[in-house]
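Participant: Please find the sequence and the predicted model below.
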Amino acid sequence: MSLLQAKRLEKHYGRHVVLEGLDFNVEAGEFVTLVGASGCGKTTFLKILLGTESVSRGELRLDGQPIPGEPGPDRGVVFQKYSVFPHLSVLGNVMIAEELRDSKLLGKSFGAARRRARDKAITRIEEVGLGRALKKYPHELSGGMQQRLAIAQALMMRPRILLLDEPFGALDPGIRQDMQSLITRLWREQQLTIFMITHDLKEAFALGTRLWVFDKTRHDPQAPEAFGATITYDLPISERQPPEDLPARLAARGIQTLAQETLP
Ligand SMILES: Nc1ncnc2c1ncn2[C@@H]1O[C@H](COP(=O)(O)OP(=O)(O)OP(=O)(O)O)[C@@H](O)[C@H]1O
């Protein structure tokens, strides 16, 4: 059985159709990279996987069951904009994921449970290379370090699925490469299934095992919101060599990607 399976999945906001006709199977361990024009519904798709947005029509199954309608410990997420808590230290930011789960009413755990959470959080923080910044606060960290922290937070509960929404979009190229190596290492070591939105086709090919292009196949000039985007290309990335004309084909459909000229 596939980890995730979608059949004729649609997402609407009122009369605005954002996504339509999504059909796919994703197996555990895949690394799916998502590209598509701005506003075509990529983030909405990740939110459906996360459980903060619902499916409007069709179905989405996780382990053969309808996907839970709320976030759970099996799915972690990292957004482009730093999503860490500014008033908590690095350690506090990672511990909070477990504290919120263990003690929904108090938002705090005590004694042995707290010590366990602390040890686990320190392990996660070391995994992302922030072991020397445990007591620092987010404003004392660089952009790259803040994203490392967001990744540690997302991985605190050892999710099976990691959702990345342009996590490196705001970072300088050198830092970006370090972050790409980090994600590749974590994906392998923790046997994660990853969905990552990127505007950088080179990044999509360097990291992913499968590329999805989101685009509309139907247009009504009188009613631009009548039709949604779907997966128009579903390409395995095995030999790390994109089809030569892919950037041009995407550009022709208004899907701008970065770094096309430097594709491998
Ligand atoms: N909660 C909401 N209510 C109504 N419309 C929404 C809501 N969330 C998103 N939309 C609309 O859905 C469409 C898709 O938005 P989404 O953020 O998923 O696109 P995207 O592909 O991730 O864009 P970008 O690449 O710019 O981040 C947009 O037209 C947006 O305005």
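Facilitator: In hand now; what should we look at?
Participant: Pull the contacting residues for the residue of the stretch 51-200 of the chain found nearest the ligand.
Facilitator: Checking the stretch 51-200 of the chain residue by residue against the ligand with Cβ to the nearest ligand atom singles out residue 197 as nearest, at 6.5 Å. Glycine gets a C-beta too; all of them are placed from N, C-alpha and C. Contacts for residue 197 (Cβ atoms under 8 Å, 6 or more residues apart in numbering) come out as 33-35, 42-43, 46, 164-166.
Participant: so residue 76, which of the three states?
Facilitator: With DSSP: H, G, I helix; E, B strand; the rest coil as the basis, residue 76 sits in strand.
Participant: And the nearest residue to it once chain neighbours are set aside, how close does it get to residue 129?
Facilitator: What sits nearest to residue 76 in space, not counting adjacent residues and going by Cβ to Cβ, 6 or more residues apart in numbering, is residue 154, at 3.3 Å. Here the distance between residue 154 and residue 129 works out to 15 Å (Cβ to Cβ, to the nearest Å).
Participant: hmm, back to that, check the contacts of residue 197 and tell me the two furthest apart.
Facilitator: Every pair in the contacts of residue 197 was compared (Cβ to Cβ); the two farthest apart turn out to be 33 and 43, at 14.4 Å.
Participant: List, one by one, the residues from the stretch 1-150 of the chain near the ligand.
Facilitator: Within reach of the ligand by Cβ under 6 Å from any ligand atom, the stretch 1-150 of the chain has these residues: 13, 18, 36, 38-44.
Participant: From the residues you listed, list the buried ones, please.
Facilitator: A residue is treated as buried here by neighbour count (16 or more other Cβ atoms under 10 Å); on that basis the buried members of these are 18, 36, 40-44.
Participant: which one of those is nearest residue 184?
Facilitator: Checking those one by one against residue 184 (Cβ to Cβ), the nearest turns out to be residue 42, at 20.9 Å.
Participant: the strands in the chain, which residues?
Facilitator: With DSSP state E as the criterion, the chain has strands at 4-13, 16-26, 31-36, 57-62, 65-66, 75-79, 161-165, 193-197, 210-216, 229-236.
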